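Chemist: only geometry, no sequence info:
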């Protein structure tokens, strides 16, 4: 059985590499564990749609690894996929010296 106090529901990540400048897209959180140490540099802020769930900062990264409780859904926001590809291209092609 899951703990009913763990967050679950629809959220919208904002201000991240996939949704810069405050734009956002849909996702779903489903926790089977609880964060004991919050990220020191969160990947994004979450706008949560359930009134009982406060907005939060979430996501961890280390080099090329990104970890999060959020399951992303890009279907209604194709520019997110373009932002992802652009971020991959920037990583692949470092800026000239």
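Modeler: In hand now; what should we look at? What you see is a predicted model; the values in this text were computed from it and never measured.
Chemist: where's residue 43 relative to residue 88, distance?
Modeler: Using Cβ to Cβ, to the nearest Å, residue 43 is found at 16 Å from residue 88. To be clear about C-beta, it is placed using only N, CA and C from the backbone, and glycine gets the same treatment.
Chemist: So which of these two has more stuff around it?
Modeler: Between residue 43 and residue 88, counted using other Cβ atoms under 10 Å, the more crowded position is residue 43 (19 against 11).
Chemist: Quick check: closest non-adjacent residue to the more buried one.
Modeler: Computed as Cβ to Cβ, 6 or more residues apart in numbering, the closest residue to residue 43 that is not its neighbour in sequence is residue 59, at 2.8 Å.
Chemist: quick one: contacts for that neighbour?
Modeler: 13, 16, 39, 42-44, 66-68, 70 (Cβ atoms under 8 Å, 6 or more residues apart in numbering).
Chemist: Kindly list the main-chain dihedrals of the closest residue to residue 16 other than its chain neighbours?
Modeler: Closest residue in space to residue 16, ignoring its immediate chain neighbours: residue 44 at 3.5 Å, by Cβ to Cβ, 6+ apart. Backbone torsions for residue 44, taken as degrees, to the nearest 10, come to phi -160, psi 170.
Chemist: ok, residue 44 touching residue 56?
Modeler: No: in this structure, residue 44 is not within contact of residue 56 by Cβ atoms under 8 Å, at 9.8 Å.
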